[in-house]
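Visitor: Sequence below, structure please.
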Amino acid sequence: MVELDPLIRAFYRDRYVEDDRLVRSGHGRLEFLRTQELLRRWLPPASVVLDVGGATGAHARWLASDGHRVTLVDPVVEHVQQAATIGTFEAVVGDARHLGQPDASVDVTLLLGPLYHLVEAADRAQALSEAARVTRPGGLVVAAGINRYAGLLEYGSSGALTEANEREFIEAFETGRNHDDPNGFTNAYFHHADELTAEFAAAGLTDLETLGVEGPASTVLHLATPDEVDRLLPSAIRLARLLEADPRLISAGFHFLTRGTVRQ
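Guide: Next up is the predicted model:
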């Protein structure tokens, strides 16, 4: 039984078009291309990949094209039905906290969405434990986290941060918890970079690395018009690459990626 927060389910069913999230805006394109770049750097060729929280298959599609054998897992039935129509990978309904895959059955487990939708620390720990369980010894677990500064960066850069609403962003920054906004994002947990790394360590994963995804130009791309995006993207990607591991600037973008190895 997949138990998903009703607000999160409604967000993806009624308010958010997941299928074009990574192509409809400059920031989305930057996030997609940098995530793709980092995964291609980390994943061994022809891996067996479990894409947990893979939604409609934005990453599973290109991973399969790259020669990986991919199974997508997502709790939203509509996402799985849409992903299954692509036909180059398996798509099943499932919960990151209770995966149906056998122990040590995949080379790589991706959690590119679940950790920021699991607002309770115990649920995030369970998801990481499950990812480690289904991944073979020596295999990789990779997870995405939303930067604790993300809301402040987005609203402050767009002119939307005001005296009237700044308190809610300060509270989200202090606690990590983002509450459902009918005009914005839904219930979520936002990480500090070292906090995400610590959650991997607590799950027994080793050889840890946490990198910034979009870099300091993320807010510029977020506000760019479609005509500007093509001109700005190459420079933004280069900047993100140069500063991805800089501890002083890793929180300048909206997302982190952390990788860890399952103990031999």
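Visitor: Going along the chain, name the helices of the stretch 151-264 of the chain.
Guide: With helices called from DSSP state H, counting those that start in this stretch, the stretch 151-264 of the chain shows them at 166-175, 193-202, 218-223, 226-243.
Visitor: again with the stretch 1-150 of the chain
Guide: Going by DSSP H, counting those that start in this stretch, the stretch 1-150 of the chain shows helices at 6-10, 26-42, 58-65, 77-84, 114-117, 121-134, 150-158.
Visitor: Please identify the most buried of those helices.
Guide: helix 114-117 (a mean of 25; mean count of other C-beta atoms under 10 Å). Any C-beta I mention is one placed from the backbone N, CA and C, and that applies to glycine too.
Visitor: CA atoms of that one as PDB?
Guide: Output of helix 114-117 as PDB, limited to C-alpha atoms (Å, rounded to 0.1, in the frame of the first residue of the first chain):
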ATOM      1  CA  PRO A 114      11.600  11.300  -2.500                       C
ATOM      2  CA  LEU A 115      13.800  12.800   0.200                       C
ATOM      3  CA  TYR A 116      12.400  16.300  -0.100                       C
ATOM      4  CA  HIS A 117       8.800  15.000   0.000                       C
END
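Visitor: That helix - contacts with which helices or strands?
Guide: helix 121-134, strand 135-147, strand 188-191 (3 or more C-beta pairs under 8 Å, 6 or more residues apart in numbering; DSSP states H and E).
Visitor: So, low pLDDT: which residues of the stretch 51-200 of the chain?
Guide: 179-186 (pLDDT under 70).
Visitor: and if we set it to 80?
Guide: For the stretch 51-200 of the chain, the stretches flagged by pLDDT under 80 are 169, 171-173, 178-186.
Visitor: that older thread, right, so of the helices of the stretch 151-264 of the chain, which gets closest to Ala144?
Guide: Closest to Ala144 of the helices of the stretch 151-264 of the chain is helix 193-202 (C-beta to C-beta; 8.9 Å).
Visitor: So what touches stretch 191-208?
Guide: Contact partners of stretch 191-208, identified using C-beta atoms under 8 Å, 6 or more residues apart in numbering, comprise 115-116, 121, 124-125, 128-129, 131-132, 141, 143, 145-148, 176, 210, 212, 247, 250-251, 256, 258-263.
Visitor: hmm, 7 Å instead?
Guide: 124-125, 128-129, 132, 141, 145-146, 148, 176, 210, 250-251, 256, 258, 260-263 (C-beta atoms under 7 Å, 6 or more residues apart in numbering).
Visitor: just to revisit the earlier point, okay if I get the helices of the stretch 151-264 of the chain as a markdown table plus mean neighbour count and distance to Arg69?
Guide: Converted to a markdown table, the helices of the stretch 151-264 of the chain look like this (neighbours: other C-beta atoms under 10 Å; distance: least, C-beta to C-beta, whole Å):
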| stretch | mean neighbour count | distance to Arg69 |
| --- | --- | --- |
| helix 166-175 | 14 | 39 |
| helix 193-202 | 18 | 24 |
| helix 218-223 | 20 | 32 |
| helix 226-243 | 15 | 28 |
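Visitor: which residues touch Thr210?
Guide: By C-beta under 7 Å, 6+ apart, the neighbours of Thr210 are Ala193, Leu196, Thr197, Phe256, Thr258.
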